[in-house]
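Novice: Please find the sequence and the predicted model below.
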There are 2 protein chains.
Amino acid sequence: MVKPATPDTPETGRGEQTKRLIVDTAVRLFRDQGYDKTTMRGIAQAAGVSVGNAYYYFPSKDHLVQQFYATVQEDAAAAVAEALAEPGPFDERLRVALTGMLETMTPYHAFAGKFIKTAVEPGSPLSPFSAESEPARERSIAVLRQVVEGATTKIDAELKPDLPELLWLGQMGITLYWVHDTSPDQAKTRLLIERAVPLIDRLVTLARMPGLKSVTREALKMYRLLK
Amino acid sequence: MVKPATPDTPETGRGEQTKRLIVDTAVRLFRDQGYDKTTMRGIAQAAGVSVGNAYYYFPSKDHLVQQFYATVQEDAAAAVAEALAEPGPFDERLRVALTGMLETMTPYHAFAGKFIKTAVEPGSPLSPFSAESEPARERSIAVLRQVVEGATTKIDAELKPDLPELLWLGQMGITLYWVHDTSPDQAKTRLLIERAVPLIDRLVTLARMPGLKSVTREALKMYRLLK
DNA sequence: GTCTATAACACGATAGAC
DNA sequence: GTCTATCGTGTTATAGAC
């Protein structure tokens, strides 16, 4: 805590600046040229540093991609935070969150195919379930928690605490669909959200009903056991 | 059709023999050493051909992996076919199919992590949704169709035609979970199947009930629209 | 601790000769 | 159809400079 006062800017140390420079350059190149055409040599050159220096800060190319991922996640969360400030019906809020995410990710659809490739590899730092991804994951779940907690809809008390995480899993599924969606402008994914939101809304409502209460309880028990 | 009679053995042409030799060698090495440690140079050398020759028959290393995948799928299908010959309760049959698949895949759990990496890449020939994977995919769905059609349980008429494909999607989800399952001997995945099967069974039964009939219909409409 | 410069390695993939 | 030689890549190693 000897460091002088730099309250807002995250880090201003000598090394931190270089690190930032490398990340920013990498993100820009990924965006402009895609994953494959962006080489470590290219990143280093464009950033004006040596290849060795890039590896001094990032153990692999994948770790650079992760920064890119975190950036997008942060943008998505920020984009919808305002729209979710006031309470409202559950389905409306869920639609806002999901479409907000989709809009933020849209420019990177082509890139996402390469990204997901390393993201699904078990043990990869890019995995949405990895320890390294925890900040980004928590950020996303926080948005969905906001969706649930600001909902005027009645939600089953047993389901409620787990619902944000379950919605996040659903969001991962939608993302998986989106990555593979070859329809123009990813129209099918938009349709998926449009259709899935009312369905989820109905299922959440139905979960409280006598005939389904036991199924809900069983499913939740299974989820908690296996997560 | 000038070729002489070779009814049983698929192909006996000069090139076909080389192709088979390369595939068999590759599959063996994948099984023994895993994905990363099996190099194209290693495959070529072990098969007694040149690297260029291997690439003459297979456009990429991934295409060789696909052959490996197809082999495993075929084994899994064969393993459960007998057990599903006689009709029985839906849940029992589903459990047989899912555990059969799991047992067949178990020796390749370590390998699967690398496999999935390329399998999820959009446009990859290894994708379970790709045209190249159609034979293996159809083979898997056929097993689940057998599960449904030999079931003594009452199944909603509207749901029934789509159920095999839906179960296959669920199976893909279980596989995804399995790949990331680090519990000893993948115990959690076994638990998942044990718990999920009765749940699915109950949901299939409930789908016919008056209160849920409309939700079922909506969900099916969405599925058909988006597949 | 931060950084450069350059070479070297092993790999997947390709080119072009025979 | 089959080969050898070579390319471009991620990554590592070396040897040092500020």
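Specialist: Everything's here; your move.
Novice: Quick check: phi and psi on A:Ala151?
Specialist: phi -80, psi 130 (degrees, to the nearest 10).
Novice: quick one: contacts for the residue lying closest to it once chain neighbours are set aside?
Specialist: Leaving aside its sequence neighbours, A:Ala151 sits nearest to A:Phe90 (CB to CB, 6 or more residues apart in numbering or on different chains; 3.8 Å). Using the backbone N, CA and C atoms, a C-beta is placed for each residue, glycine as well. Contacts for A:Phe90 (CB atoms under 8 Å, 6 or more residues apart in numbering or on different chains) come out as A:Val147, A:Val148, A:Ala151, A:Thr152, A:Thr153, A:Ile155, A:Asp201, A:Val204.
Novice: Dump the residues you listed into a markdown table; add secondary structure, neighbour count and pLDDT as well.
Specialist: Output for those, formatted as a markdown table (DSSP: H, G, I helix; E, B strand; the rest coil; neighbours: other CB atoms under 10 Å in any protein chain shown; pLDDT from 0 to 100):
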| residue | secondary structure | neighbour count | pLDDT |
| --- | --- | --- | --- |
| A:Val147 | helix | 24 | 98 |
| A:Val148 | helix | 21 | 98 |
| A:Ala151 | strand | 22 | 98 |
| A:Thr152 | coil | 10 | 98 |
| A:Thr153 | coil | 15 | 97 |
| A:Ile155 | coil | 16 | 97 |
| A:Asp201 | helix | 18 | 98 |
| A:Val204 | helix | 24 | 97 |
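Novice: Please report phi then psi for the residue nearest to A:Ala151.
Specialist: Dihedral angles (degrees, to the nearest 10) for A:Phe90: phi -60, psi -50.
Novice: So which bits of the lowest-mean-pLDDT helix or strand in chain A are buried?
Specialist: Lowest on mean pLDDT, DSSP states H and E among the helices and strands of chain A sits helix A:109-119, with a mean of 86. Going by neighbour count (16 or more other CB atoms under 10 Å in any protein chain shown), the buried part of helix A:109-119 is A:His109, A:Phe111, A:Ala112, A:Gly113, A:Lys114, A:Phe115, A:Ile116, A:Lys117, A:Thr118, A:Ala119.
Novice: so how far is A:Asp32 from the second one?
Specialist: For A:Phe111, the distance to A:Asp32 under the criterion CB to CB, to the nearest Å works out to 10 Å.
Novice: which parts of chain A sit against chain B?
Specialist: A:113-114, A:116-118, A:120-123, A:127, A:129, A:176-177, A:179-180, A:182, A:188, A:191-192, A:195-196, A:198-199, A:202-203, A:206, A:209, A:211-212, A:215, A:218-219, A:222, A:225-226 (CB under 8 Å from any CB of the partner chain).
Novice: Any quick PyMOL command for the buried ones out of those residues?
Specialist: Remark: buried members of the residues of chain A next to chain B, expressed as a PyMOL selection using 16+ other CB under 10 Å:
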select buried, chain A and resi 113+114+116+117+118+120+121+122+127+177+179+180+188+192+195+196+202+206+212+215+219+222
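Novice: In helices, which of the residues of chain A next to chain B appear?
Specialist: A:113-114, A:116-118, A:176-177, A:179-180, A:188, A:191-192, A:195-196, A:198-199, A:202-203, A:206, A:211-212, A:215, A:218-219, A:222, A:225-226 (DSSP state H).
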